[in-house]
Every structure is written in C-alpha cells, then in structure tokens.
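1. Build me a model from this:
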Amino acid sequence: MRKIAVLLTFVSLFTLSSVTFAKEQEGNRKSIVILHENDVHCNIDGYAVLAGLRNAISDTAYVALASSGDYLQGGVAGAMEQGKFIRDILLKMNYDAVGLGNHEFDFAVSRLTELVTGPEIPVTCLNLMDNTTQKPLFSRYIMRSYGDKRIAFVGVVTPTSLLTESNAFITRDNKQIYNLCEKNLISEIQTVVDEARQAGADYVVLLSHLGEDENVMNIDSHNVIAATRGIDIVLDGHTHSVVTDTFVLNADSVKVPISQTGTKFRNIGKVVIKSDGTVTSELIPCSSIAFRDSVVEAVTDSVKAEMARVVNRKIGYAPFDLNILDAEKRQAVRFMETNAGDIVADALRYAAQAEVAMINGGGLRTAVKAGDLTHGNVLDLLPYDNLLCTIQLKGSEIYNILNTCCAMSPAESGDFPQVSGLRFTLRQGGAKPCVSDVMVLDAASGDYRPLVENKEYKVATINYCIYGGGFAAILRGKTDYAEMPLFYSDALVKYITEALGGIIPQQYATPDGRITLVK
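-> Purely as a prediction, here's the structure:
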C-alpha cells in the first residue's frame, strides 16, 4: 500500500484523470491497460515518458505497449544512420506489438526488415506481401496473454503507401516487388481477425495506420470498422488526428472505440479493459507526465549526444522563422506557397544550376525558428534521404505537374509544389482548382516570360519526385534524368553558405508571391 500511495503522490503532479491506480485492480482481477502512440516521427524524448508511465501502472494492472507506426522517419534521429538510432531505442522499450506506418518504407523494405527484425521489436503487419511468394513479411497478428485474457494485436498499414512511398515497392524499371493487399484489404483484415479469434483471442486490437480521412484508395479506419466484425478496439494513426471518446458501428452494429494520439508524442493514449469487459479510453498530454524510465532515457540521451556532433554545427543565421504551417497550424506547405518552400526550391535550382525547381511540399517537415541556423535545423526541415536530380521537361509537362498537384488546394496534399523560377495563378474553388498564367524566369534579364508548351526546360527536383511517390507519379518511368550525389538537405546548406553568405536575407521573410491564389 505504501508503494501505491507513493505512486498516487506522483500522479498528483500531473493530469491523469483515469490513471488512478487503485481503480485499475477490481477485486482479485486486474484491468488491462494498453498504452499506445502513433506518428512519433523521431520525437525521441517521449519514449522514456511512455515507458515510465507503464512502470508506474504495472503494479496494479496488466500493461501493454503498442505503436501504430511512423517512428523511423520525420526528424534528425531517424535521418542519421537510416533509422539505426530509432532501432536502438525501440530495443529497450519492450513493446507488446508494433505496427508499420508509411514512413517506415522511406529507407526501402530491405532496410526496414534489417531494423525491425527479432522478438525485441514485435512487428505486426497483415498486408505487406512479397509479390513473388504472396507471403507476408511480418506476423499477421501478435497474441499476448494478460492474466486469463488474450489479446491479438493486428497491424495494418495504409495501401496509399504504394503511391507516397512507391520507390519502396517498385523497382526503377517499374516492376512491383511488394504489395499491400490494396485490392482486397478489408477482406484480408476480416480473415486475420477471424483467425485470431479462432486461435483464442478474447479481444482483437487493430493497430491501424489508415487514418481518419478519405483517400484515393477509399480505405480509412472508419470504413474498415463499418465493413468488418470482431475488432474490439482500433488504435489509429497516419493522419495525426487527436481522437478519443469516438465510436464507429461495425458490420453487426456494435460500437467500436477508436483512438489516435496526434503526433510526436503530443499525447499518450490509454485504453482500459476492465475485468467486466467494458472499455474506456483517454489521451494524456505527454508534457504533463512526470515519470521517466531510466534505461530508456539513458539510450535517448546517448542518441542525442551522437546527434549533437552533427546538429549543433552552425551554418548561418535566420532573422525570421521559415514556416511550413499557417496561423491555424495547418500544413500550409501542402496547399500554398511558404517562405520555407521558397528557399528550399531556390536551393535546389542553385545547386543544380537549373532554370526551374519544384519540390513536393510533403518533403518539408519542420519549421525553422529565427536565430542561429544549425545543420540540425536543416535536417529537421528536410530529413529524408532525397537526392538532388535534374531532368529536361517540356513546358506542357511542367504545366501538367502544377495543375495535377494543385488540384486538391486548399485541402492539404503532400504533392503540392513549392517552386523556384516559376510564377503561376492558382484558382481555388469550383469543381476543380485550375492553374493558369504560368511564367518562367529568364535568368539573363530577370524578367518572367510565359511558359512555352513545346520548349524544354532544365528542372531541378528530388529523386522521390521522379521515380518515387512524389508529384503523383507523373514522372515515373522517365529515364533521362541525372541524379546528383547531393542530398536535398545538403543543397540547402550549400545555398545558405555559398550564395547567401550565411545570412538569410529579408526577401525570404514572407512568401515571394510565386503562387497567386484566387478564390
């Protein structure tokens, strides 16, 4: 009782409305608590908090840890050593089950399987299949026992990964080597749920990296629940949504709770399965939790020390923020011009000595705050292993990319182009947004002149937008491109240090007016 009292004293330091440990144990039967996260995207400090919270609860309840994916990429810790540092942390976390997110494919499937093999990182993904053998690369579900109850954790990743991370699934000669059951995913989910039930699962928890939003493949967490039966709880991810106290009716009109924690450990999710079978859920702000696991914290501290060798190197000074969000915290870089998009596109055009540069807005991940500019700031902004490329495109092809990739604006799209050497008008609203008045910078005169349909232009972009999943796969299959041995983050460093002399000039304080929005 003294130990419980001490824990309750600690709990008073922060808001944990239902982590009242005395209530987690009812009579002689403990409740089952599932602590979960999604879309951590390399915010590594949260791992020690999550493990510490588990330790605090574990004396009075059975505790499971689960992840719904997107942990390998999205920040410096993932970009350095291609996910090795994240693996080092995961090895100490003792997760009960780990799902996959679309960004687990950023380093290709071969690297993914190197990073997350073995029982220490128990990955479940029912729909990542080898196209040759038609066998899954990971366990279709993971069964765990908690007292006299068994929970099957079933992992599923969004099939839209085939589009957004297509270079992981398709070779450069356009041969598909892996699939995600994109044609029959819901029936595959039902099959695995039924298998888990037959194997003795009392509860089935879907670790879903499908998200809350409609998408081009018409697979999201809500329509999966509505079309299936036998799933008890959905722990969702992918859309960075904050979801709790939400229920969706399944095919038997049974309410299924769904939860999503946001992103980057904004919250930790907590689901309680009580001894009478009732289920409750809540989100706990990570910043309000006082507990830390010392073993995990030692690893994250070690990782941060390794990162510091690179990230603390100063490369310049920014007198103002370089933004990717708008005032409402939406991903503005995915539906309009931003000053961060301007400078990154200019850096690509400069480093490649091209006439035009275009980059997908989804490749810019974290804003840069005003002040000393470090290599770490650049890697946070541009964390992926994207290489600079040049390609000759006709004016008609440039127009097609602009018109196609602006079509969703003002809705967010990772393909929305940030540009250099171009100006155009984007008409939003109506049946479909429309791009017009496309102008190209004439370097000799400094004037902008109309895009010529049959003229070829030297365009700078990144390999992801040519043979990867970017720019709506419009350029996939082209072979007449040149890949440079320069990451897009290094191109920005080169531009800031060489062309700008280390000080970002006032011209980048606000968007340059390259994209004129008309509603």
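2. Confirm that residue 513 sits in a strand.
-> No - Residue 513: not assigned to a strand; according to DSSP: H, G, I helix; E, B strand; the rest coil it is coil.
3. Contact partners for it?
-> When contacts are counted by Cβ atoms under 8 Å, 6 or more residues apart in numbering, residue 513 touches 337, 423. Just so you know, the C-beta spots here come from the backbone N, C-alpha and C atoms, and that holds for glycine as well.
4. again, but for residue 415
-> With Cβ under 8 Å, 6+ apart, residue 415 has these contacts: 360, 361, 362, 404, 405, 470, 471, 472.
5. ok, the second one touching residue 340?
-> In other words, residue 361. No - using Cβ atoms under 8 Å, residue 361 makes no contact with residue 340, being 9.5 Å away.
6. any shared contact partners between the two?
-> In contact with both residue 361 and residue 340: 324, 333, 418, using Cβ under 8 Å, 6+ apart.
7. Can you name the residues bridging to residue 391?
-> residue 459, residue 481 (DSSP bridges).
8. my guess is it meets residue 479, correct?
-> No - counting by Cβ under 8 Å, residue 391 sits too far from residue 479 to count as a contact (9.8 Å).
9. When these two are compared, which one has more neighbours?
-> residue 391 (22 against 9; other Cβ atoms under 10 Å).
10. And the more buried one, how far from residue 495?
-> 20 Å (Cβ to Cβ, to the nearest Å).
11. Quick one: the helices in the chain, in order.
-> For the chain, the helices defined by DSSP state H occupy 2-11, 45-57, 76-79, 84-90, 108-115, 161-164, 185-198, 221-226, 294-311, 339-352, 375-381, 395-405, 488-494.
12. what angle separates the longest one from helix 45-57?
-> Right, the one you point to is helix 294-311. 180 degrees (axes from the mean of the first three to the mean of the last three Cα atoms, to 10 degrees).
13. got it, and the fifth one?
-> Direction vectors for helix 108-115 and helix 45-57, defined by the same axes, to 10 degrees, enclose an angle of 40 degrees.
14. What are the buried residues along helix 108-115?
-> 109, 111, 112, 115 (16 or more other Cβ atoms under 10 Å).
15. Do I have it right that the second one meets residue 83?
-> Yes - using Cβ under 8 Å as the test, residue 111 is close enough to residue 83 to be in contact (6.8 Å).
16. which ones are touching the residue nearest to residue 55 when sequence neighbours are not counted?
-> Leaving aside its sequence neighbours, residue 55 sits nearest to residue 293 (Cβ to Cβ, 6 or more residues apart in numbering; 5.9 Å). By Cβ under 8 Å, 6+ apart, the contact list for residue 293 reads 48, 51, 52, 54, 55.
17. same thing but 10 Å
-> Contacts of residue 293 were listed using Cβ atoms under 10 Å, 6 or more residues apart in numbering, and they are 47-56, 92-94, 299-300.
18. Buried subset of those as a PyMOL selection?
-> A single PyMOL command is used to select the members of the contacts of residue 293 judged buried by 16+ other Cβ under 10 Å:
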select buried, resi 47+48+49+50+51+52+53+54+55+56+92+93+299+300
